[in-house]
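Q: Sequence first, predicted coordinates after that:
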Amino acid sequence: MSTVAPQDPAAARGIARRTQSEIYRAGISGTKPAVPIDSDALEAAARRALSAEAFAYIAGGAGAERTVAANRAAFGRRQVWPRPLRDVSVRDLSIEFLGRRRPTPFLLAPLGVMEMAHDDADLAVARAAASLGVPYTLSNQASFPMEEVASAAPSGARLFQLYWSASDELNASLLRRAEASGCEAIVVTLDTHLLGWRTRDLDLAYLPFTRGMGIAQYTSDPVFQQLVRERVRASATSTDAAPDAPAVRITPKAIAAGVKIARKGSALTGAGLRESLRSPLPRAAVETFLDVFSTPALTWDHLAKAREWTGLPIILKGIVHADDAARAIDEGVDGVWVSNHGGRQIDQSVPTLDALPGVVERVQGRIPVVFDSGIRGGADAFIALALGATAAAIGRPYAYGLGIAGEVGVREVVRNMLAELDITLGLSGHTAIADVGLDALREV
Ligand SMILES: Cc1cc2nc3c(=O)[nH]c(=O)nc-3n(C[C@H](O)[C@H](O)[C@H](O)COP(=O)(O)O)c2cc1C
């Protein structure tokens, strides 16, 4: 199935021609692509394929979703300025990132709870990414433990994304596991120290974590398991009722949610569904997670601890101000990731494409600058790279591909972006990503 050998910088060459030819040839026999190429059609197909809750969780943003729209609108203020009559017959999409040559300038952004899109979730994403030589940033909120993801795609490059939890022992343990399971870097996400005001999820009263989804990194972690056991022990000896937790009304939906939590919690009980249903551990795991998830008390001073926990490079995700990028360099951080979480955290916030040039200018090439939020096609990636991003991260589109066609869907979405980037590179008169700069753009 794979037309591109992973990790080989030459492998992505000619991807545009191969992809077009594959699609048009299949069309002669009446076969259309498994996932739509057009990004609006892709989103619409995902909406049809997914449950209402899953689509809301993936597509939704904070508040009135003005940041989601602003991220896209910012691309509309830049245009590609083509220069013909240059020989562009051989094009090189490779970049240097974290000390290695990568065949493409793409990364996959961390997306939690991908089991909402497909049962194979992160395993499918990891395989698809590896087949194209695209590094995959595995989420702290993934649906499979990082060790299982590593064995599903052993040849794939992986980064691990951490939400800095309230338990330092847990943070240290997660980073140890990331290093042991072959991740190349740690991405610390800074913009989710409080869960955003996600209108669509609130209207559906649906948060996947409260149903035991997206907490596999935690339930498979020895430190977290210990926290859960301690919680169960403490509540068995305590006579205090939780003061601010409203009781859950017993309805068929509540029972179904309880069964789901028990099923997910079998990683903790080490037993089947029947025993897990009787065990207090699965419910305690959800409660423990909700307690420790991402501390709002995190400051620059805490970051130094990560250096004690891991020897891997550290990238800060959620940097949108040049001063913070400069501080990151002063603190010895190895990379910054310009992101506003796809507009899922603050409504009417700064679009990342507008924040990118200031960050790039301040960083002056000293560390890599990853960019995300709003990339929907290869031309978008071209614009971000022209503005100085080292790498462009794909978010929602690959989740849509996953929901529509599993691993194949993710692969097609990423391959299509790669093909469009290759074409844009050539048509604009460039032969290498490294040659694309501000002179390739016009501001409007
Ligand atoms: C469904 C979903 C789940 C996400 N989960 C995480 C996560 O676990 N960790 C994280 O750092 N960012 C997470 N993000 C943010 C993405 O990494 C990325 O910043 C964002 O999707 C980029 O915006 P875009 O998808 O509009 O391009 C999530 C985004 C979505 C849509």
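A: Cool, the structure landed.
Q: the strands in the stretch 251-400 of the chain, which residues?
A: Using DSSP state E, counting those that start in this stretch, the strands found in the stretch 251-400 of the chain span residues 314-317, 335-338, 369-371, 391-394.
Q: same for the first one, what does it pack against?
A: This points to strand 314-317. Counting contacts by 3 or more Cβ pairs under 8 Å, 6 or more residues apart in numbering; DSSP states H and E, strand 314-317 is packed against strand 186-189, helix 300-309, strand 335-338. Placement of C-beta: from N, CA and C, glycine included.
Q: so which of these gets nearest the ligand?
A: Checking these against the ligand by Cβ to the nearest ligand atom gives strand 186-189 as the closest, at 3.5 Å.
Q: can you pull the alpha-carbon coordinates of the closest one into PDB?
A: In PDB, the C-alpha atoms belonging to strand 186-189 read as follows (Å, rounded to 0.1, in the frame of the first residue of the first chain):
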ATOM      1  CA  ILE A 186       8.700  15.700  24.800                       C
ATOM      2  CA  VAL A 187       6.100  18.300  23.800                       C
ATOM      3  CA  VAL A 188       4.700  20.100  26.900                       C
ATOM      4  CA  THR A 189       1.400  21.600  26.100                       C
END
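Q: Can you list the buried residues in it?
A: 186, 187, 188, 189 (16 or more other Cβ atoms under 10 Å).
Q: Then stretch 301-319?
A: Result for stretch 301-319 [16+ other Cβ under 10 Å]: buried residues 303, 306, 309, 310, 312, 313, 314, 315, 316, 317, 318, 319.
Q: now swap in stretch 64-73 and tell me
A: Applying 16+ other Cβ under 10 Å to stretch 64-73 flags 65, 66, 67, 68, 70, 71, 72 as buried.
Q: Same check on stretch 357-368?
A: So for stretch 357-368, counting by 16+ other Cβ under 10 Å, buried means 357, 359, 360, 362, 363, 367, 368.
Q: Stretch 214-229 too?
A: Residues of stretch 214-229 classed as buried by neighbour count (16+ other Cβ under 10 Å): 214-221, 223-225, 227-228.
Q: Endpoints of that stretch, how far apart?
A: By Cα to Cα, to the nearest Å, the extent of stretch 214-229 from end to end equals 20 Å.
Q: ok, back up a step: of all the buried residues of stretch 214-229, which two lie farthest apart?
A: Greatest spatial distance among these (Cβ to Cβ): 214 and 223, at 18.2 Å.
Q: and residue 379, what does it touch?
A: By Cβ atoms under 8 Å, 6 or more residues apart in numbering, the residues touching residue 379 are 80, 420, 421, 424.
Q: What's the biggest helix in the protein, counting residues?
A: Longest helix of the chain, by residue count under DSSP state H: helix 396-427.
Q: Now do residue 46, the pLDDT please.
A: Listed pLDDT for residue 46 reads 98.
Q: My error: substitute residue 69 in the last question.
A: pLDDT recorded at residue 69 is 99.
Q: And residue 241, by the same measure?
A: 52.
Q: And residue 314, by the same measure?
A: Looking at residue 314, its pLDDT stands at 98.
Q: Quick check: it touching residue 189?
A: No - the criterion here is Cβ atoms under 8 Å, and residue 314 misses it with residue 189 at 11.8 Å.
Q: Would you confirm that residue 342 contacts residue 394?
A: No - the criterion here is Cβ under 8 Å, and residue 342 misses it with residue 394 at 10.8 Å.
Q: Tell me the residues on the stretch 51-200 of the chain that lie near the ligand, please.
A: Neighbours of the ligand within the stretch 51-200 of the chain, by Cβ under 6 Å from any ligand atom: 57, 58, 109, 110, 111, 112, 139, 140, 141, 161, 189.
Q: So what pairs up with the last one in the strands?
A: Listed beta-bridge partners, residue 189: residue 317 (assigned using DSSP bridges).
Q: pretty sure it contacts residue 161?
A: Yes - applying Cβ under 8 Å, one finds residue 189 in contact with residue 161, separated by 5.8 Å.
Q: any residues in contact with both of those two?
A: 110, 140, 317.
Q: got the contact list for the last one?
A: This points to residue 317. So residue 317 contacts 110, 161, 187, 188, 189, 190, 191, 337, 339, 370 (Cβ under 8 Å, 6+ apart).
Q: change it to 7 Å
A: Residue 317 sits next to 161, 187, 188, 189, 190, 337, 339 when contact means Cβ atoms under 7 Å, 6 or more residues apart in numbering.
Q: Quick check: closest non-adjacent residue to the last one.
A: Taking Cβ to Cβ, 6 or more residues apart in numbering as the measure, residue 339 lies nearest to residue 372, with 4.7 Å between them; neighbours along the chain are not counted.
Q: Let's check: the centremost residue of the chain is which one?
A: Residue closest to the average C-alpha location in the chain (Cα atoms, centre = their mean): residue 110, at 1.8 Å.
Q: and that residue, what are its phi and psi?
A: phi -70, psi 130 (degrees, to the nearest 10).
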